[in-house]
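> I would like to see how this sequence folds:
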Amino acid sequence: MSVVPLGLLIEPEQFAPFLAHEQIRIIDLSRESVFEQLHLPQAILVRPKELLIQDGLTNGLLPDAEQLQALINRLGLTAEHHVVVYDDEGGAWAGRFIWNLHCAGFYHTSLLNGGIHAWLAAGLPISNEEYTVPVVNQPFVVDVSQQQDYRIQYDELAERVTQQNIQLWDCRSEEEYTGLRLAARRGGHITGAKWYEWSTAIHRQNHLKLHPLTHIQQQLEQRGFDLSQPVVVYCQSHHRSGLAYIIGRLLNWQIRAYDAAWSEWGNRLDSAVVNGEHPFEQP
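Predicted structure coming up:
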């Protein structure tokens with residue numbers, strides 16, 4: 001169990017005293033060009049392509065246990081570490097990384113609110129030096145036996161959509177939701193899905209931090225979501241829905257992600273799709 005007293009969402013000023021803590025691993029999902037110029041001291045760059053695999057037209061899938069283990073080994077993670085993750089876009093890639101860790105059985109995780117933008121705004125230390133990851137004798141051993149608590153796959157999702165016993169959160173753009181913008185063979189959204197775009201939760205005038213959770217919850221409820229019932233979130237390839245997943249966890253919502261997302265559902269010809277429905281015209 002991690003002894004570092006940090007929650008799932010942490011503020012820059014809250015994290016600063018832990019920068020040099022030996023049980024902290026700092027992971028940066030920013031663009032490589034940004035990382036090379038500046039990053040948190042001792043941060044390790046992880047590229048988005050390391051978080052997913054592609055199968056045909058489906059691009060966003062969770063890597064298998066062997067690939068997850070290889071990344072954990074590269075990062076020098078042990079069961080005693082606490083991982084702090086950030087990016088330069090408001091938390092989507094960082095959230096996706098945290099989801100990967102949760103699927104791998106690693107739960108000592110924090111998202112840095114606002115990422116590098118909020119860190120810089122707070123005037124906290126930065127570096128442009130490369131950090132050498134210490135060698136660890138006993139890296140964390142991946143356990144994917146509980147990943148169904150965080151992930152849903154096509155067959156189960158399709159069955160539950162048919163039975164109409166699932167709550168779906170589409171966090172893509174309105175144009176994608178309605179089918180006006182086509183990013184697969186078919187446009188639109190999964191039958192029954194409600195819409196709340198992921199970036200709506202980000203306060204762009206406050207260094208890309210999240211809006212207060214009470215505000216986000218109110219907006220979700222206004223869109224028709226019931227936070228007392230489980231939900232499945234999706235986007236195009238489980239990138240944007242990485243932040244949505246974190247928001248769900250912060251709201252104590254029972255949330256799973258459909259990582260194959262629209263890249264699978266929209267490219268199949270047998271999936272249940274609604275096209276042309278405006279988000280606010282749902283019954």
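
> okay, now the unreliable bits of the stretch 51-200 of the chain?
Filtered on pLDDT under 70, the stretch 51-200 of the chain yields no residues whatsoever.

> how about the strands in it?
53-55, 58-61, 82-86, 109-112, 168-170, 189-190, 194-195 (DSSP state E, counting those that start in this stretch).

> mind listing the helices for the stretch 151-283 of the chain?
Under the criterion DSSP state H, counting those that start in this stretch, the stretch 151-283 of the chain contains helices at 154-163, 174-178, 213-222, 240-250, 261-265.

> contacts for the second one next, please.
Counting contacts by CB atoms under 8 Å, 6 or more residues apart in numbering, the residues outside helix 174-178 that touch it are 170, 180-181, 183, 187-189, 193, 195, 197, 236, 262, 275-279. C-beta: built from backbone N, CA, C; applies to glycine.

> buried residues in that helix, which are they?
E176, Y177, T178 (16 or more other CB atoms under 10 Å).

> how far is that helix from where the chain is centred?
Centroid separation for helix 174-178 versus its chain: 20 Å, with CA atoms, centre = their mean, to the nearest Å.

> with stretch 59-71 instead?
Distance, stretch centre to chain centre, for stretch 59-71: 15 Å (CA atoms, centre = their mean).

> got it, and stretch 192-200?
Distance, centroid of stretch 192-200 to centroid of chain: 15 Å (CA atoms, centre = their mean).

> ditto for stretch 240-260
Relative to the chain's own centre, stretch 240-260 is displaced by 7 Å; criterion: CA atoms, centre = their mean.

> pull out the buried positions in it.
For stretch 240-260, by 16+ other CB under 10 Å, it's 240-251, 253, 255-260.

> end-to-end on that stretch?
Here the two ends of stretch 240-260 are set 13 Å apart, with distance taken as CA to CA, to the nearest Å.

> quick check: mean pLDDT of that stretch?
Average pLDDT, stretch 240-260: 98.

> how many residues are close by V161?
With neighbours defined by other CB atoms under 10 Å, the count for V161 comes to 19.

> right, and it touches V273 too?
No. With contact defined as CB atoms under 8 Å, V161 does not reach V273; the gap is 10.1 Å.

> common neighbours of the two, please.
Common neighbours of V161 and V273 (CB under 8 Å, 6+ apart) are I190, T191.

> rewinding a little: so for R268, which of the strands of the stretch 51-200 of the chain sits nearest?
Closest to R268 of the strands of the stretch 51-200 of the chain is strand 58-61 (CB to CB; 9.3 Å).

> list the helices and strands that closest one packs on?
strand 53-55, helix 261-265 (3 or more CB pairs under 8 Å, 6 or more residues apart in numbering; DSSP states H and E).

> go through the strands of the stretch 51-200 of the chain and name the closest to I27.
strand 82-86 (4.6 Å).

> show me what that closest one is in contact with.
With CB under 8 Å, 6+ apart as the criterion, strand 82-86 contacts 2, 4, 6, 10, 15, 18, 21, 23-30, 40, 77, 94-95, 97-98, 101, 106, 108-112, 115-116, 119.

> now, of the residues you listed, which are buried?
The buried subset of the contacts of strand 82-86 - by 16+ other CB under 10 Å - is 2, 4, 6, 10, 15, 18, 21, 24-30, 40, 77, 94-95, 97-98, 101, 106, 108-112, 115-116, 119.
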